[in-house]
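J.: A structural model of the following input is requested.
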Amino acid sequence: MLAGRARVAARACGVASDQDADGAGDDGASTQRGLGADGAAAPAAAHRRRPRPLDDRALTAAIKGCGSWEQLDSLLERQQQQARRLNALHASALLTHAAQLVARLPPARRAAALGAGQLPAFVQRAALVADALLPECDARGLANILWATASLQQAHGATRAWLARWAALASGRLGEFDAQQLSVTLWALAELEMGGAQQTAAGGSAGSSSSGGGGGGGSPVSGSQERLLVAAVVARLGQPGVTPRLTPQGASNAVWALAKLGAAPPADGRGRPFPDLDILASGDGEAV
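T.: Numbering: from 1, shown residues only. Modelled structure (predicted):
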């Protein structure tokens with residue numbers, strides 16, 4: 001069964017499995033493929049296999065099985081050509097896995113790819129799919145989409161309008177966010193804050209993406225609704241039993257993010273942030 005799922009994911013991502021490459025299971029028919037009854041070459045279109053639509057589980061496996069953002073791009077294009085409606089899990093997985101794959105690129109290649117060409121176009125297409133499904137996302141999906149948006153912000157170009165919409169949706173479900181999802185949310189907000197500030201300093205705009213609508217220049221985290229969200233996340237982290245569930249890396253990321261956002265972390269009676277955890281050196285946020 002596992003081998004069968006692997007072959008489904010490989011085919012969906014445009015990677016031929018060994019069985020596909022060998023033509024196994026064709027009972028010798030592959031040697032005659034492409035020949036008409038008179039032995040003449042038949043039109044290729046007559047024998048071209050039309051890909052079968054993937055069910056929800058197979059599509060999720062296919063997304064996670066893609067080994068490059070280019071494969072994800074091709075997979076998304078095929079689903080859209082088939083008029084396939086992705087669900088919230090697919091949209092979150094697509095954007096999150098894209099960010100993970102891009103992060104693995106060598107720095108110079110990553111910077112070049114994010115700046116121009118096919119990658120920004122793919123990211124914005126994937127973002128449009130995710131944006132339409134934000135109201136259907138659970139806490140994990142919301143946190144991961146925000147993480148991916150911050151990680152891919154040079155290509156995504158999140159706007160104030162987009163972040164205000166995300167914040168409105170997340171605020172209503174903040175009680176469902178676990179400790180790691182809260183930490184990821186703070187990390188992503190801090191990354192977006194820094195990215196917006198850098199764009200403003202360079203004379204650019206944080207409101208240039210087509211995926212989030214208008215929104216003007218400057219930091220996308222500077223709005224009152226986003227500031228209220230940061231305060232609510234801090235309050236949620238301070239609730240009993242929440243912060244002890246943070247990993248040391250998660251606590252470190254949250255402390256770093258709150259410092260960048262100019263917000264104080266929750267503290268115990270002795271003024272120590274994140275009780276019961278050792279605060280480590282700051283590190284990168286990660287999808288949850």
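
J.: In the stretch 151-288 of the chain, where is pLDDT below threshold?
T.: Applying pLDDT under 70 to the stretch 151-288 of the chain flags residues 195-223, 267-288.

J.: Shouldn't residue 75 be within a helix?
T.: Yes - under DSSP: H, G, I helix; E, B strand; the rest coil, residue 75 falls within a helix.

J.: Can you get me a residue count around it?
T.: Per other CB atoms under 10 Å, the neighbour tally for residue 75 reads 21. All C-beta atoms are positioned from the backbone trio N, CA, C, and that covers glycine.

J.: from memory it sits against residue 62, does it?
T.: Yes - using CB atoms under 8 Å, residue 75 is in contact with residue 62, at 6.1 Å.

J.: who's in contact with residue 115?
T.: Going by CB atoms under 8 Å, 6 or more residues apart in numbering, residue 115 touches residue 154.

J.: Next one: it from residue 100, what distance?
T.: Residue 115 is 19 Å from residue 100, where distance means CB to CB, to the nearest Å.

J.: and what of residue 63?
T.: Distance of residue 63 to residue 100, given as CB to CB: 11 Å.

J.: which one of the two has more residues nearby?
T.: It is residue 63, of residue 63 and residue 100, that has more neighbours when counted by other CB under 10 Å, with 28 against 16.

J.: Local confidence estimate at that one?
T.: What the model reports for residue 63 is a pLDDT of 96.

J.: Now it. Nearest residue, chain neighbours left out?
T.: residue 93 (4.7 Å; CB to CB, 6 or more residues apart in numbering).

J.: Can you name the helix or strand that that neighbour falls in?
T.: Element membership for residue 93 (DSSP states H and E) is helix 88-103.

J.: Show me what that helix is packed up against.
T.: Contact analysis of helix 88-103 by 3 or more CB pairs under 8 Å, 6 or more residues apart in numbering; DSSP states H and E lists helix 56-65, helix 69-81, helix 107-115, helix 118-133, helix 139-151 as its packing neighbours.

J.: For that helix, which outside residues touch it?
T.: Helix 88-103 has contacts (CB under 8 Å, 6+ apart) with 56, 59-60, 63-64, 66-69, 72, 76, 86, 110, 113-114, 119, 122-123, 126-127, 129-130, 132-133, 136-138, 140-141, 144-145, 147-149, 151-152, 287.

J.: quick one: buried residues of stretch 74-87?
T.: 74, 75, 76, 78, 79, 86 (16 or more other CB atoms under 10 Å).

J.: The nearest residue to the last one once chain neighbours are set aside: what's it in contact with?
T.: Setting aside the residues directly before and after it, residue 86 is nearest to residue 129 in space (CB to CB, 6+ apart), at 5.7 Å. For residue 129, the contact set (CB under 8 Å, 6+ apart) comprises 76, 86, 91, 94.

J.: what's the closest of those residues to residue 170?
T.: Closest approach between the contacts of residue 129 and residue 170, by CB to CB: residue 91, at 15.6 Å.

J.: ok, the residue nearest to residue 63 to residue 67 distance?
T.: Distance from residue 93 to residue 67, by CB to CB: 15 Å.
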